[in-house]
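Student: Pasting the sequence and the predicted model now:
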Amino acid sequence: MASVVLSEAEKVYIVHGIQEDLRVDGRGCEDYRCTEVETDVVSNTSGSARVKLGHTDILVGVKAEMGTPKLEKPDEGYLEFFVDCSANATPEFEGRGGEELGTEIVNTLYRIFSNGSSIDLKSLCINPREHCWVLYVDVLLLECGGNLFDAISIAVKAALFNTRIPKVRVLEDDEGSKEIELSDDPYDCIRLNVDNVPCIITLSKIGCRHVVDATLQEEACSLASLLLSVTNRGTLTCMKKLGKGSLDPESIFEMMETGKKVGKTLHIALQKTLEKEESLGTTRQKVGFLG
Amino acid sequence: MPLDHRRVPGPEESQAPLLYAAPGEEEAAPGREAAALRPLLARAGLLSQAEGSAYVELSGGTKVLCAVRGPREAAEGRGRLLCEFRRAPFSSRGARPRPGPAAAARERELGLALQEALAPAVRLARYPRARLEVTALLLQDGGSALAAAISAAALALADAGVEMFDLVVGCGLCRAPGPAGAWLLQPSEAEERAAPARLTVALMPGLNQVAGLLGSGQGGPPESWARAVRLGLEGCQRLYPVLRRSLLRAAERRAAEGPRSTGSSA
Amino acid sequence: MAAGFKTVEPLEYYRRFLKENCRPDGRELGEFRTTTVNIGSITTADGSALVKLGNTTIICGIKAEFAEPPAESTNKGYVVPNVDLSPLCSSRFRSGPPGEEAQAASQFIADVIENSEIIMKEDLCIANGKLAWVLYCDLICLDYDGNILDACTFALLAALKNVQLPSVTINEETGLAEVNLKETNPLNIRKHPVATSFAVFDDTILIVDPTAEEEDLATGTVTIVMDEEGRLCSVHKPGGSGLTAAKLQDCVTRAVTRHKEVKKLIDKVIKSIKPK
């Protein structure tokens, strides 16, 4: 992962600050950085979102395509994830440098979305065994400024919220052959219910406290962190230890409680932002990338 | 599909017969105590060509073999621990996975999980400019495979004489189906398949530090997960003596055989 | 002292032993290492066997799946062998797609299956032109200490003898297969091919069942595959030093006795697990 080199003195400064619940940028241990969310930024996707969390910059595009359901789940659609660790994000991603991180992110996303409670996969089915919607979720890392996983999960949720899938009907003629008809009205779309899509909260252990939304500098001071995916009701759907250090059992329990608390607040704020943005409709001024 | 000249060609597509079997033929698993541990068999030092090796078998079928190579000279930088997790094509029930990017990605995830669970225990600072390679091969998946692989890999590292802070013991858990399902320790493959949530914990028992944690599913609120973690850590503590004994036995056997020609017996 | 001599002059060290008609591990030139076989230990596979030849360990797991028969011969199934040599078994291999030696071994096993008629591919057909069995035979080397071809051939034979295929009927109405997992049948094993490998030392001396060390020092190897009727199924001689006809005849004679040893062992093991 993108990393910065810190001197011992700098590390001590950061660790001591966190001890006093005061971080280098003035935040407390459980505060997020200022987050910008904008949806519908790429016009040729079914849904898209761009999230800027401090210096971390993520673009997510969702494309809905028709495919065949998987053999073992004939009445469900499915999601496919791709992560592109652009060499623009950090020089370490040049060549094959980003591959390992990309795999890790993709696997984490599959882990979160595979359990069926996040998105109603049955609603993506058009007709069992034959046709379903496949949502291709492309994640593009534009800049890495720490706390990648959280930013990606926010962006994925926002992009799925923004996703519109055209309505189709299955027509069956007398001989039993099926035909798929696309609705004439381009605004005749189905929306996904993203209420249960969780957000990832990564808690980094620094000194003997833990912080949310660590910057690159703070990540360099942390040996181990705990990744949690939290739903809007405060339940956990995924947990994973990251990093080469170990964690005290007691601190894990504390981190889970913090994760639940922070996660709930994050969901409320995100939902409010998304709804507000949508209510503006076409009058919304698009900010885009240079804004 | 492009032709793969490196393998003997087979048919382009094939399906597992299990898909065509009448459902519900399986008998229900007998009721069991949630905290019951499956008997674990551990052997260290059984491969002739590896610096260190270990085999772990859980009664019920899970079989994992692990080999450690190194410390070997690396091109640059600090000491590195590289972990690989492979599934034998016949290890799982149902379809044989085809070699390809999808299977490779899943194996890589488990390899990374293995690496993250082992890294806290290995004193990598003592191996500058060297790398340690850990390969785990899952021969049969009868549930709790990652946990068994973690235990086997830690044993193999110790067997290779790699300096470590402690052994790492892995323990698998899953939640029984139903709204108030209890957490079961070391689930079987059938229990895992039916489970809404799964968890693998790895503990360094001597230091009481959690080295690895990987879980997902509908496990409920943090309190429920916390219960699972506690149960898992307790399980790890109970497995610890078994693993230590196997390591001692391997060391005794080696001492009886005299010094080995390869590797050091530190 | 001896260890030092061995490190500095490994070939000379070996020659001293060979002069006395024995080998450093105490075997005679024509003696195999202790061979053990364990059948059916992998329950997720449809058939499996673990074979040990001294330190060399090979596990074979067979998975049976359905596929459409090949277009050119609609009454046949498939047998797809794959030999896997990973860093687990020896530091000489890299992870990733199969390397040269693994490819050569896979091809050798495929040739043995083809030439020995160990099973007839026609036996694997379920419905002509519609459905046939594919037997994926994955041979994984767990410990590489020489002579993997013998161990692979033996593991394959033992695993094939262990295969139990569920019974299949084709539903007349839907045309789909119906599988009854409770009713299983063994495969019809028609021949029992057994491989015997030799290493050639200094172009003349033949030693049987070479270890990895002996293979590295040898000037050539030769593998003879023979069935129970004493018919040659395959002679595999990949390069190296030449061999006189008389020497090759010696190899064939040794292969005949080896076949008897292996057949006895496999019959004994199969008998021991039958009563269950």
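Tutor: Done, it's in. All values reported here derive from a predicted model rather than from experimental measurement.
Student: The lowest-mean-pLDDT helix or strand in chain A - contacts with which helices or strands?
Tutor: Every helix and strand in chain A was compared by mean pLDDT, DSSP states H and E; the lowest is strand A:178-182, with a mean of 79. Helices and strands touching strand A:178-182, by 3 or more C-beta pairs under 8 Å, 6 or more residues apart in numbering or on different chains; DSSP states H and E, are strand A:168-172. The way it works is simple: take the backbone N, C-alpha and C, and place the C-beta from them, glycine included.
Student: Now the strand it packs on: average pLDDT?
Tutor: Average pLDDT, strand A:168-172: 82.
Student: now do stretch B:102-111
Tutor: For stretch B:102-111, the per-residue pLDDT averages 85.
Student: That stretch near chain C anywhere?
Tutor: No - using C-beta under 8 Å from any C-beta of the partner chain, stretch B:102-111 stays clear of chain C, coming no nearer than 9.5 Å.
Student: before we move on, what about stretch A:103-110?
Tutor: No - judged by C-beta under 8 Å from any C-beta, stretch A:103-110 and chain C are separated, with a smallest distance of 15.3 Å.
Student: now that stretch: how far from the chain's centre is it?
Tutor: Computed by C-alpha atoms, centre = their mean, to the nearest Å, the chain-centroid distance of stretch A:103-110 equals 11 Å.
Student: ok, and what's touching it?
Tutor: Applying C-beta atoms under 8 Å, 6 or more residues apart in numbering or on different chains, the set of residues contacting stretch A:103-110 from outside is A:81-83, A:137, A:139, A:148-149, A:152, A:156, A:200, A:227, A:238, A:240, B:105-106, B:108-109, B:112.
Student: taking the residues you listed one by one, which sit in strands?
Tutor: Among the contacts of stretch A:103-110, the members falling in strands (DSSP state E) are A:Phe81, A:Phe82, A:Val83, A:Val137, A:Val139, A:Ile200, A:Leu227, A:Cys238, A:Lys240.
Student: Pairing partners for the spatially closest residue to the second one that is not a sequence neighbour in the sheet, please.
Tutor: Counting by C-beta to C-beta, 6 or more residues apart in numbering or on different chains, the nearest residue to A:Phe82 once its immediate chain neighbours are dropped is A:Asp138, at 5.0 Å. Going by DSSP bridges, A:Asp138 is paired in beta bridges with A:Gly61, A:Phe82.
Student: Which pLDDT does the model give A:Asp138?
Tutor: 95.
Student: Check the contact between it and A:Ala49; I expect there is one.
Tutor: No - look at A:Asp138 against A:Ala49 with C-beta atoms under 8 Å: they stay out of range, at 11.5 Å.
Student: neighbour count winner among those two?
Tutor: A:Ala49 (28 against 18; other C-beta atoms under 10 Å in any protein chain shown).
Student: if we can go back for a sec, joint contacts of A:Asp138 and A:Ala49?
Tutor: What both A:Asp138 and A:Ala49 touch, as defined by C-beta under 8 Å, 6+ apart, is the set A:Val60.
Student: where in the stretch 151-276 of chain C is pLDDT low?
Tutor: Within the stretch 151-276 of chain C, the stretches with pLDDT under 70 are C:275-276.
Student: try it again with 90
Tutor: Low-confidence segments of the stretch 151-276 of chain C (pLDDT under 90): C:168-184, C:201-205, C:218-219, C:228-234, C:237-247, C:270-276.
Student: before we move on, what about the stretch 101-250 of chain B?
Tutor: B:101-109, B:124-129, B:131, B:143, B:176-182, B:188-196, B:217-221.
Student: Tell me which residue of it lies closest to chain C.
Tutor: Nearest residue of the stretch 101-250 of chain B to chain C (C-beta to the nearest C-beta) works out as B:Thr135 at 4.4 Å.
Student: cool, the stretch 151-291 of chain A as well?
Tutor: Closest point on the stretch 151-291 of chain A to chain C, by C-beta to the nearest C-beta, is A:Gly176, at 14.1 Å.
Student: What separation do you get for that residue and C:Glu172?
Tutor: 19 Å (C-beta to C-beta, to the nearest Å).
Student: Regarding C:Gln103, which helix or strand does it belong to?
Tutor: Using DSSP states H and E, C:Gln103 sits in helix C:100-116.
Student: Remind me what that helix packs against, helices and strands.
Tutor: strand C:78-84, strand C:131-143, helix C:148-162, strand C:220-226, strand C:232-236.
Student: Ignoring the adjacent residues along the chain, who's closest to C:Lys76?
Tutor: Counting by C-beta to C-beta, 6+ apart, the residue nearest C:Lys76 is C:Lys121, at 4.0 Å.
Student: Tell me which residues touch the one you found, please.
Tutor: C:Ser73, C:Lys76, C:Gly77, C:Tyr78, C:Val79.
Student: Quickly find the element holding the residue of the stretch 101-250 of chain B closest to chain C.
Tutor: With secondary structure defined by DSSP H and E, B:Thr135 is part of strand B:130-140.
Student: cool, and C:Thr169?
Tutor: strand C:164-170.
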